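Chemist: Got a predicted model here, sequence first, then my questions.
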2 protein chains.
Amino acid sequence: MSRKTEQTRARILQATLDQLASASPEKTRVSDIAKAAGISRQALYLHFPTRAELLIAATKHLDAQVDIDASLAESRAAATGEARLSAFIRAWAAHIPVIYPVGRALMAMQDTDPEARAAWADRMAAVRHGCAAAVAALARDGRLRDDLSEDRATDLLWTLLSVRVWEQLTRDCGWSEAAYLAEITRQARAALLSA
Amino acid sequence: MSRKTEQTRARILQATLDQLASASPEKTRVSDIAKAAGISRQALYLHFPTRAELLIAATKHLDAQVDIDASLAESRAAATGEARLSAFIRAWAAHIPVIYPVGRALMAMQDTDPEARAAWADRMAAVRHGCAAAVAALARDGRLRDDLSEDRATDLLWTLLSVRVWEQLTRDCGWSEAAYLAEITRQARAALLSA
DNA sequence: CCGTCAACTTGACACAGTGTCAAATTATCG
DNA sequence: CGATAATTTGACACTGTGTCAAGTTGACGG
């Protein structure tokens, strides 16, 4: 892959993210993205075989830029389970708005494209993994609600932290991100911690 | 509107609900529904102008069949705010699986069709109204968390009871409906009630 | 300075699904 | 039975994705 190919590829990916962020993701067409990248629609297909793969690649491109692992470092380093839970929620709450535009596009494709479905499921599985780690830390401290298995607790936390919940609270209900963070943290503690 | 027209209309609506329930709603085409109803695709368009309107009509048809108001009677009759909350959640939890297939189809169209969006938003607004009533009853009893406005509390309950949350817990996580009901009720109490 | 090869453009087309139209046919109802 | 409403058949426009082929541009090595 030549220097130029790589440059164009990056340009397309950036144009994809820009376009998704500015217009409603669902009605962003391949031709819109190509135009934003300054190439023809057909040229875009020389780099990415399908719309779904383009979106998936854009997600990875975004990941490479933001380095989610760094923001999770605080969570991993936490001394107690409770601290770990708080730090995890804080990191994730800060991350959602970043991935939301492309996430929305990917979610909208879930029904029609199995690849997009798998890609999004994969990312959500990573979040679930983080939830599970926080739950395990709580359990280790003996702070997990005793009528809840770790699996159930993970399901609950994962659902509480889902993009859909964030979307409804911040977009439909108009909550600020700070209000979301505060209330969801409280909610997660109420859901998981023993009395 | 003649007898026959009404019969056909009802047959189409029922076929729509059946089809939506048996196949994945997003990929149920107008032609599939017409076939299930035993008429031609074009004949279906004589009764419903667009796919969106058909889905909306199917939702109303379903409503007429199930009589949601009756199941909410217990909630409205509740003596205390807490009883009202529990009864409301119970009624809604029983109702979600019923409306889920058509709701899923409507949700999938939200991005492309403004009418479908409005129709679904309207139904969700009705749920929100029920949430608000339960919250108001709690407030009247002085049982509402004092650091929460009624609006905020309603937002929270409404989100907790959203179809997406139900979907994730019961479909993705495999929770039984009973488990969903128990945990969401607990969650709602933890979210709203003062200590 | 000139080929060559890769990247890109232009324009055409197939395909699926929605929605529209007109003409012919079949039911239904008074 | 006859008028009219309901339905069928078949064709077509439109949108967006994805494919294909032929021609153009430009960078780079010899």
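Modeler: It's in.
Chemist: residue contacts, the residue in chain A that DNA strand C sits nearest to?
Modeler: In chain A, no residue comes nearer to DNA strand C than residue A:43, which is 2.9 Å away by Cβ to the nearest atom of the strand. Bear in mind the C-beta positions are built from the backbone N, C-alpha and C, glycine included. Neighbouring residues of residue A:43 by Cβ atoms under 8 Å, 6 or more residues apart in numbering or on different chains: A:8, A:34.
Chemist: The helix or strand that contains it and DNA strand D, any residue contact?
Modeler: Assigned by DSSP states H and E, residue A:43 falls within helix A:41-47. Yes. Helix A:41-47 lies within reach of DNA strand D by Cβ under 7 Å from any atom of the strand, at A:41-42, A:45.
Chemist: Mind putting these into JSON lines with neighbour count, distance to residue A:14 and pLDDT?
Modeler: Shown next, in JSON lines, are the residues of helix A:41-47 next to DNA strand D (neighbours: other Cβ atoms under 10 Å in any protein chain shown; distance: Cβ to Cβ, whole Å; pLDDT from 0 to 100):
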{"residue": "A:41", "neighbour count": "13", "distance to residue A:14": "17", "pLDDT": "98"}
{"residue": "A:42", "neighbour count": "10", "distance to residue A:14": "20", "pLDDT": "98"}
{"residue": "A:45", "neighbour count": "14", "distance to residue A:14": "18", "pLDDT": "98"}
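Chemist: Quick check: residue A:153 touching residue A:135?
Modeler: Yes. Assessed by Cβ atoms under 8 Å, residue A:153 is found in contact with residue A:135 at 4.6 Å.
Chemist: Please report how far residue A:141 lies from residue A:192.
Modeler: Distance, residue A:141 to residue A:192, using Cβ to Cβ, to the nearest Å: 11 Å.
Chemist: next one: residue A:131
Modeler: Distance from residue A:131 to residue A:192, by Cβ to Cβ: 10 Å.
Chemist: Are there residues contacting both of those two? Which ones?
Modeler: residue A:157.
Chemist: Do you know the pLDDT at the residue of chain A closest to DNA strand C?
Modeler: Looking at residue A:43, its pLDDT stands at 97.
Chemist: Please apply the same query to residue A:195.
Modeler: At residue A:195, the predicted lDDT confidence score is 84.
Chemist: Could you give the number of residues near it?
Modeler: 4 (other Cβ atoms under 10 Å in any protein chain shown).
Chemist: Which strands and helices lie in contact with the following helix or strand past the helix holding residue A:43?
Modeler: Heading C-terminal from helix A:41-47, the first helix or strand you meet, by DSSP H and E, is helix A:51-66. Under the contact definition 3 or more Cβ pairs under 8 Å, 6 or more residues apart in numbering or on different chains; DSSP states H and E, helix A:51-66 sits against helix A:3-22, helix A:30-37, helix A:81-109, helix A:114-140.
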